[in-house]
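> my questions concern the predicted model and sequence given below.
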Amino acid sequence: MAAKIISVANMKGGVGKTTISVALAQALAAGPRQAKVLVVDLDAQANASFWLCGQAALTTQIEQSKAIDGFLEDAIVFEKPVALGDLVRPAKAHGDRLFVLPSSPNLRLVERELIVYLSRRHRNLLEVERVVSTLLDEQLAPLRASFDVIIFDTAPGISALTEAALRLSHLVLVPTVPDYVSNLGLLSFCRTVSWSSNDVANASKRTPWVVSNKVKASKHHEQMLQQMRAEAQGAEREFNMLSTLIPSSPRIDEVASGLDMDGELAFDAEGMEVFVKLAAEVLDLAERVPAPQTRAA
């Protein structure tokens, strides 16, 4: 069976996209599901890559031009016959089932270079997004056969790479904190997600799934959760909500800030319990969602 593709995305930063991407990947790979998982890091901050590879290994990979920025530049600008699969490396823990396709701090510069390069060839922004999406679609085809789940960890905002990931995904997860500020742009972002497709003529609405993250036992958070649940139940809803809540936890925050721990991902059994629950809910949903219309499908 071809891999299920999941994007973790939100235009707001600081809502826990990378923490959820990495913890979900570990829960799928090392938990009861025993899935073979690939994390594709599309964020120039490269936090998921540092977390999964460790600083020394990632630095070596970047110096050898084996990160996604180099691949995109070689494939699109220099038109070299490169393969995305050549960049995949095992994570520093659970390396038999958990793998990473790393990013680099240079990715933002390369993405801007691609936009300038293609615009000079009379490509508008939609066509730039389509070029990147089609390239990833074609390059992911052999990887889909090798993995059970592929997770895109995207950058804050909407970029050509994030748009490409959204177009290729069976399921889009939108982490958000249930507070007023974090929800200001939620509806707008979810509307953007809904119609992302490589096959625009035949696109159908895909409603993203909100993950309530960093949830506190406070009156404000409870009120926001009630409001979000009401919005997710309406006939014209722009998002669904997962039932699993990720609590605000000093331990999770500590793990997420210690990205260069050697030989482990630092989630112990107790810390992983909530993410194992999240993984089961997410995978069950992904298995029920039809594949997006793509060139390689």
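That came through fine.
> does Val210 belong to a helix, a strand or coil?
Under DSSP: H, G, I helix; E, B strand; the rest coil, the three-state class of Val210 is strand.
> report the helix or strand with the lowest average pLDDT across the protein.
The least trusted helix or strand in the chain, going by mean pLDDT, DSSP states H and E, turns out to be helix 250-257, with a mean of 78.
> okay, the helix or strand just after that one in PDB with CA atoms only?
Using DSSP states H and E, the helix or strand that follows helix 250-257 towards the C-terminus is helix 269-288. Below are the C-alpha coordinates for helix 269-288, written out as PDB (Å, rounded to 0.1, in the frame of the first residue of the first chain):
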ATOM      1  CA  ALA A 269       6.800   6.100  27.500                       C
ATOM      2  CA  GLU A 270       4.900   8.500  29.800                       C
ATOM      3  CA  GLY A 271       5.500  11.500  27.600                       C
ATOM      4  CA  MET A 272       4.600   9.600  24.400                       C
ATOM      5  CA  GLU A 273       1.200   8.400  25.700                       C
ATOM      6  CA  VAL A 274      -0.800  11.300  24.400                       C
ATOM      7  CA  PHE A 275       1.000  11.200  21.100                       C
ATOM      8  CA  VAL A 276       0.400   7.500  20.700                       C
ATOM      9  CA  LYS A 277      -3.300   8.400  21.100                       C
ATOM     10  CA  LEU A 278      -2.900  11.200  18.500                       C
ATOM     11  CA  ALA A 279      -1.200   8.900  16.100                       C
ATOM     12  CA  ALA A 280      -4.000   6.300  16.200                       C
ATOM     13  CA  GLU A 281      -6.600   8.900  15.600                       C
ATOM     14  CA  VAL A 282      -4.600  10.500  12.700                       C
ATOM     15  CA  LEU A 283      -3.800   7.300  11.000                       C
ATOM     16  CA  ASP A 284      -7.400   6.100  11.200                       C
ATOM     17  CA  LEU A 285      -8.500   9.300   9.600                       C
ATOM     18  CA  ALA A 286      -5.800   9.100   6.900                       C
ATOM     19  CA  GLU A 287      -6.800   5.600   5.900                       C
ATOM     20  CA  ARG A 288     -10.400   6.700   5.300                       C
END
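> what does helix 269-288 rub up against?
Residues external to helix 269-288 that are found in contact with it (C-beta atoms under 8 Å, 6 or more residues apart in numbering): 4, 6, 20, 23-24, 26-28, 30-33, 35, 149, 170-171, 173, 209, 211, 242-247, 249, 251-252, 255, 267. (Each C-beta comes from the backbone N, C-alpha and C, glycine too.)
> residues of that helix that come out buried?
271-272, 274-280, 282-283, 285-286 (16 or more other C-beta atoms under 10 Å).
> residues making contact with the least confident helix or strand of the chain?
Here helix 250-257 makes contact (C-beta under 8 Å, 6+ apart) with Gly16, Thr18, Thr19, Ala23, Trp51, Ile246, Leu265, Ala266, Phe267, Gly271.
> among these, who's most crowded?
When the contacts of helix 250-257 are compared by neighbour count (other C-beta atoms under 10 Å), Trp51 ends up highest, at 31 neighbours.
> what is the helix or strand hosting that one packed up against?
Per DSSP H and E, Trp51 falls inside helix 47-53. For helix 47-53, the packing partners by 3 or more C-beta pairs under 8 Å, 6 or more residues apart in numbering; DSSP states H and E come out as helix 17-30, strand 37-42, helix 55-63, strand 98-101.
> quick one: the helices in the stretch 51-200 of the chain?
55-63, 68-72, 107-119, 125-144, 160-168, 186-194 (DSSP state H, counting those that start in this stretch).
> nearest to Arg89, out of these?
helix 55-63 (6.6 Å; C-beta to C-beta).
> residue furthest from the geometric center of this structure?
In the chain, counting by C-alpha atoms, centre = their mean, Lys219 sits farthest out from the average C-alpha position, at 30.4 Å.
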